[in-house]
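Undergrad: Generate coordinates for the sequence data below:
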Amino acid sequence: MPSPLHYITVTTPDGEIIGYAWGSADDVGWVHRAASSSDAYRAGVEWYSRIRDAHRRGLAPAGVLALFSREPGVGPVTEAPDLAAVEELARVVTPADDQRLLDQLVPAQHPAWRWLAEAFDALTAEDREVVWGGGHMLPSGAIQAPFPVYSKQVERVVSALHSVGAVTEEYRWMGHPLPTVPSSGHLSPADAVRAATALVRGERFCNGLIDEALRDGLLDAVVGSLRAWHAELEAGGSSAAYRAEDRPEHRPEEGSARTVPAAAVRPSVGGARGARRGPVRCRYCGGSPAVDAAFRAHRGLLVLLGFRRMDGPVCRTCGLGLHRALTTHTLCWGWWSPLSLVLFGPLTLVRNLLAVRRVKRLAEPGPGLLGPRFDPGVPVHRRPRAYVALVPLAWLLCLIGAAVFGGG
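TA: Residues are numbered from 1 along each chain as shown. The predicted model follows:
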């Protein structure tokens, strides 16, 4: 029996659902929302990388979800019966998804609509007959793969579908089954765009898709639905208009395996404006409270200068660890060039002192979500490396003293 898992819903700043991050007892993963926009899909790839990185750093799946659920645009941690329930949720298509595809179509006054109508109306039974070439052995001995040879009129229809915007990158056709003609013979305008994209783009990878669409009526349904939508648009209808039976609040795509219980999968998500913000957490251990601070280190050797900076929200423990380590490094190596001695070394130490004052005002942090904290170690004044610069300084003072007293 599949064990329950938890997930968080991730949205874009404008409220579009990107996908779902899930965590089981021992693993994390990401489910892209099938109907999301191309921008949302790219954002989902970045989210998946962040989630995997957090898990690889030793954070438990529950900790990963808890950490990212506090970011803007991310919903609370929700339980689902199994991964299939989350995948079913990711297949939901909303009216906004349909409208995004309709927005890819050219305006009603564009001549491409006339080109589509003329090309389709000129199709004859002879034009619909597809001759297949290839399938025979070439002089080289290789067997040429069979390929369809479409009539000029069919190619005109395909070109017109491109021209009206019905073939679009906003529909990721490879992740969906090929649409089929419903019993009514009618497709919603958005489904017509989906079918047109799948047919035209898919023909490049699977020869004969358009041939099959000519025979089973799918191409006729695509063009007929688009022309009906265009006619309604010209008559003064809305670009979002389509039949009431095609407009459920959330419509699963064809081929869905089952219906998921609403209690298990209902998204509880706010956009960036309504997302709740949790406490600021340390970027190194995930503990809270934390404050933004930057600690620096400097190394100078004659004309060679080196700088290092570690910043971001830090808790009290990690902040003290960074301050002591980088300040000790600067005290040891930050004096061995003229510029370091008079400028960069002292400036680095002063900036670290200002930063650590903010960190020391924090309370002790709670449990870390991202792994072990930095070890603060002993204070700077108890570290031998902090006094390395005193050795050449003492030697220089001795030389000066010897010269003064010897000269006297």
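
Undergrad: Please report the distance of the closest residue to Leu302 other than its chain neighbours from Thr330.
TA: Sequence neighbours aside, Ser337 is the residue nearest to Leu302 in space, at 5.3 Å (criterion: CB to CB, 6 or more residues apart in numbering). In short, each C-beta sits where N, CA and C put it, glycine included. Distance, Ser337 to Thr330, by CB to CB, to the nearest Å: 13 Å.

Undergrad: Check Gly58 too.
TA: Look at Gly58 and Thr330: by CB to CB, they are 30 Å apart.

Undergrad: More neighbours: which of the two?
TA: More crowded of Gly58 and Thr330, by other CB atoms under 10 Å: Thr330, with 28 against 10.

Undergrad: residue contacts, the more buried one?
TA: For Thr330, the contacting residues are Arg296, Ala297, His298, Arg299, Gly345, Thr348, Leu349, Asn352, by CB atoms under 8 Å, 6 or more residues apart in numbering.

Undergrad: Report the two of those residues separated the most.
TA: Maximum pairwise distance among those (CB to CB): 14.3 Å, between Arg299 and Asn352.

Undergrad: Tell me the secondary structure at Glu170.
TA: coil (DSSP: H, G, I helix; E, B strand; the rest coil).

Undergrad: so it makes contact with Arg100?
TA: Yes - when contacts are counted by CB atoms under 8 Å, Glu170 is listed as touching Arg100 (6.0 Å).

Undergrad: Kindly point out which residues are neighbours of both of those two.
TA: Common neighbours of Glu170 and Arg100 (CB under 8 Å, 6+ apart) are Ser37.

Undergrad: Now intersect the contacts of Thr330 with the strands, please.
TA: Per DSSP state E, strands hold the following members of these: Arg296, Ala297, His298, Arg299.

Undergrad: For the last one, give the beta-bridge partners.
TA: In this entry, Arg299 is beta-bridged to Gly306, by DSSP bridges.

Undergrad: who's in contact with it?
TA: By CB under 8 Å, 6+ apart, the contact list for Arg299 reads Leu305, Gly306, Phe307, His329, Thr330, Trp333, Gly334, Trp336, Ser340.

Undergrad: That one and Gly208: what is the separation?
TA: Arg299 is 67 Å from Gly208, by CB to CB.

Undergrad: Check the first one too.
TA: Arg296 sits 65 Å away from Gly208, taking CB to CB as the criterion.

Undergrad: Reformat the ones in strands among the contacts of Thr330 as TSV; add distance to Ala196.
TA: As requested, those are exported to TSV (distance: CB to CB, whole Å):
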residue	distance to Ala196
Arg296	57
Ala297	59
His298	62
Arg299	62
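
Undergrad: So which of those residues is the closest to Asp375?
TA: Looking across these and measuring by CB to CB, the closest to Asp375 is Ala297, at 17.1 Å.

Undergrad: neighbours of the closest one, just the number please.
TA: Ala297 has 22 nearby residues by other CB under 10 Å.

Undergrad: Contacts only, for it.
TA: Here Ala297 is in contact with Phe307, Arg308, Arg309, Leu326, Thr327, His329, Thr330, Gly334, Thr348 (CB under 8 Å, 6+ apart).

Undergrad: which of those tops the neighbour count?
TA: Counting by other CB under 10 Å, top hit in those: Thr330 with 28 neighbours.

Undergrad: Doesn't it belong to a helix?
TA: Yes - judged by three-state DSSP, Thr330 forms part of a helix.

Undergrad: And the pLDDT for it?
TA: Thr330 carries a pLDDT score of 92 in this model.

Undergrad: now do the one 3 residues further on
TA: Looking at Trp333, its pLDDT is 89.

Undergrad: thought it was touching Phe307?
TA: No - if you go by CB under 8 Å, Trp333 and Phe307 don't touch, sitting 11.6 Å apart.

Undergrad: Tell me the residues that contact both of these two, please.
TA: His298, Arg299.

Undergrad: Closest to the centroid, which residue in this protein?
TA: Ala43 (2.0 Å; CA atoms, centre = their mean).
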